[in-house]
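1. Based on what follows, work out the 3D shape:
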Amino acid sequence: MTVFFFFELTVIALLNATAQVFIKKASILNWFEWSTFFNKNLWLGGLLYVVGFFLWVKALNRGELTFVVPFTTSLMYIATIFFGWYFFREQMTAIRVIGILAICVGMFLVMKK
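-> A predicted model of the protein is given here:
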């Protein structure tokens, strides 16, 4: 696997994690109002999901399923935790840090053949 492929998987994970930030920002709205459908955060989140989906399909075509899915999902978990801490002031507890380290160890093991 090339460095570009790892970069592509990282972009996919970051697109999905960023989409979740925009969707969460839009989630404070009242879902029963028409103005919700014109919310820029909702549309940006959706757009990022669509772009990430097409890159995801391309990555699945180029790589092994048993590598692409765990690697990308792990990166997305880590990015989501950091984005939650940075954008929403969610707590970064010791347990979460240990979880991130465990995910990193798991990613390393998945990368080994």
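
2. Spatially nearest residue to residue 91 (excluding sequence neighbours)?
-> Once flanking residues are discounted, residue 91 sits nearest to residue 85: 7.5 Å by C-beta to C-beta, 6 or more residues apart in numbering. C-beta here means a position set from N, CA and C on the backbone, and glycine is covered the same way.

3. pretty sure that neighbour contacts residue 92?
-> Yes - counting by C-beta atoms under 8 Å, residue 85 touches residue 92, with 4.7 Å between them.

4. Can you name every helix or strand that the host helix or strand of residue 80 contacts?
-> Residue 80 belongs to helix 65-88 when assigned by DSSP states H and E. Other helices and strands packing on helix 65-88, by 3 or more C-beta pairs under 8 Å, 6 or more residues apart in numbering; DSSP states H and E, are helix 3-26, helix 40-62, helix 94-111.

5. what's around the residue nearest to residue 91, how many residues?
-> 14 (other C-beta atoms under 10 Å).

6. Check it and give its pLDDT.
-> In this model, residue 85 is scored at 94, pLDDT.

7. Thanks again, I'm all set now.
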